[in-house]
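Asks: task: produce atomic coordinates for the following.
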Amino acid sequence: MRLQIDSDALAGNWRALDKLSGQAVAGAAVKADAYGLGSERVSATLLAAGCRDFFVAHWSEVPALLRHVPAEAIAVLHGPNNAQEVRFARETGVRPVLNSLHQIGLWRNGGGGPCHVMVDTGMNRLGLEKADLSSELLSGLQIDICMSHLASADEDTSQNDEQLAAFAQLRSVIAARRYSLANSAGIALGGAFHADVTRPGIALYGGIARAELAGHIRQVARPEAAVLQIRTLQAGDKVGYNALFQADREMRVGTLAIGYADGFLRCWTGRGCFHWNGRRAPTLGRISMDLTIVDLSDLPDCREGDWLSAAYDLPSSARSTGLSQYELLTLLGRRFSRGGA
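Replies: Presented below is the predicted three-dimensional model:
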């Protein structure tokens, strides 16, 4: 199996989001191995495109980025939870995102230095609470980015305006070099949400977080699988586990080397489709752990060893399967080789 990654589309998506960010600059969320596409390749591509702010979740994600990205450009969203992580941040120059008074205390006790601070404005997930903002621990912090996170930017809801108002208030309370609120969907909400730095994630990788982004974002990732075996079914032959499909005529079918262990989940059963030279090969029967059966009746020249590309446009795939666009990418397994132009 291989995951074809269009680096030109990836770079183009970042440039489009940076332009849509207006006076702000776009960073990049590259956590979860760049949403499953490979953080080293993605970060190098985005750095070359002009990106200068990169956001990961865990400290374990940092070493791969350090091979391509300056340490001070990397932010760790989960912040430091012990003295060892504080030492690592100070030794490398990576910026921790401080989410609580406890983390601020750890950072200060470890020697401090440039950092970012997360403030909760209504999501109640990570970030300083309103009551924390008067703490003396905040005094003298070298805050580069003061950030918050939108909970419902992909919807038209009053919560967006409520969070924006709360964010405006904290800008008068916390002194920072830069401020950041908008994710991919937040960029589409308009200039009031852009602040100084936007933090797109899913839109970089081909996801459409709001309808306003359609037309600006290109597909980046295309899973491909090889044909392992081709056989001819006769009318009445059954296909796959539990015989969910039964041939009503003579059919040419192929077995592909991809299954739910690779993130091509059983929800694709009866819905999935692959393409070869512009022609469709629908899935047949239940998706197996490592294998998927497709109808090759309209592909008489397709042979064992040929590669078929999954129909994997994120918005339409999400509608078809019920999975989120985020899950469609991050569930793709490590058995995929990751390549492409």
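
Asks: host element of the nearest residue to residue 89 once chain neighbours are set aside?
Replies: Once flanking residues are discounted, residue 89 sits nearest to residue 96: 4.9 Å by CB to CB, 6 or more residues apart in numbering. All C-beta spots, glycine's among them, are computed from the backbone N, C-alpha and C. Using DSSP states H and E, residue 96 falls within strand 95-98.

Asks: pull out the buried residues from that strand.
Replies: 95-98 (16 or more other CB atoms under 10 Å).

Asks: same question, stretch 108-128
Replies: 108, 110, 114-122, 126-128.

Asks: which one of these is nearest residue 196?
Replies: Set against residue 196, the nearest of the buried residues of stretch 108-128 by CB to CB is residue 116 (12.1 Å).

Asks: just list what the one helix or strand that closest one maps to packs against, helices and strands only.
Replies: Using DSSP H and E, residue 116 sits in strand 114-118. When contacts are defined as 3 or more CB pairs under 8 Å, 6 or more residues apart in numbering; DSSP states H and E, strand 114-118 sits against strand 95-98, strand 142-147.

Asks: now with 10 Å?
Replies: For strand 114-118, the elements it packs on are strand 74-76, helix 83-92, strand 95-98, helix 101-109, strand 142-147, strand 178-180, judged by 3 or more CB pairs under 10 Å, 6 or more residues apart in numbering; DSSP states H and E.

Asks: low-confidence regions, this structure specifically.
Replies: 340-341 (pLDDT under 70).

Asks: output the longest strand belonging to it.
Replies: strand 221-233 (DSSP state E).

Asks: check the offset of whichever helix or strand comes after that one from the chain's centre.
Replies: Next along the chain after strand 221-233, taking DSSP H and E as the criterion, comes strand 238-239. Centre-to-centre, strand 238-239 and its host chain are 36 Å apart (CA atoms, centre = their mean, to the nearest Å).

Asks: pull up the pairing partners for strand 238-239, direction included.
Replies: strand 245-246 (antiparallel) (DSSP bridges).

Asks: what sits up against the partner strand?
Replies: With CB atoms under 10 Å, 6 or more residues apart in numbering as the test, strand 245-246 has contacts from 233, 235-239, 251, 253, 269-270, 283-286, 293, 295.

Asks: pull the distance from that strand to the chain's centre.
Replies: Worked out by CA atoms, centre = their mean, strand 245-246 lies 36 Å from the chain centre.

Asks: helices of this protein, start to end?
Replies: Secondary structure of the chain by DSSP state H: the helices cover 7-20, 31-35, 39-49, 62-66, 83-92, 101-109, 158-171, 184-188, 314-321, 325-330.

Asks: so what are the domain limits for this structure?
Replies: 2-213, 223-312 (automatic domain parsing).

Asks: alpha carbons of the longest strand of the chain, as PDB, please.
Replies: Provided in PDB are the C-alpha atoms of strand 221-233 (Å, rounded to 0.1, in the frame of the first residue of the first chain):
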ATOM      1  CA  ALA A 221      -3.700  12.500   0.100                       C
ATOM      2  CA  ARG A 222      -4.800   9.500  -2.000                       C
ATOM      3  CA  PRO A 223      -4.500   6.000  -0.600                       C
ATOM      4  CA  GLU A 224      -3.500   3.300  -3.100                       C
ATOM      5  CA  ALA A 225      -3.600  -0.400  -3.000                       C
ATOM      6  CA  ALA A 226      -2.200  -3.100  -5.300                       C
ATOM      7  CA  VAL A 227      -4.300  -5.900  -6.900                       C
ATOM      8  CA  LEU A 228      -3.200  -9.200  -5.300                       C
ATOM      9  CA  GLN A 229      -5.400 -11.600  -7.200                       C
ATOM     10  CA  ILE A 230      -8.100 -11.600  -9.900                       C
ATOM     11  CA  ARG A 231     -10.800 -14.200 -10.300                       C
ATOM     12  CA  THR A 232     -14.000 -14.700 -12.300                       C
ATOM     13  CA  LEU A 233     -17.200 -15.200 -10.300                       C
END
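
Asks: between helix 7-20 and that strand, find me the angle.
Replies: Here the directions of strand 221-233 and helix 7-20 differ by 140 degrees (axes from the mean of the first three to the mean of the last three CA atoms, to 10 degrees).

Asks: and strand 221-233, what other elements does it pack with?
Replies: strand 2-5, strand 251-256, strand 273-276, strand 292-295, strand 307-310, helix 325-330, strand 337-339.

Asks: so it versus strand 251-256, what angle?
Replies: Our comparison of strand 221-233 with strand 251-256, counting by the same axes, to 10 degrees, yields an angle of 140 degrees.
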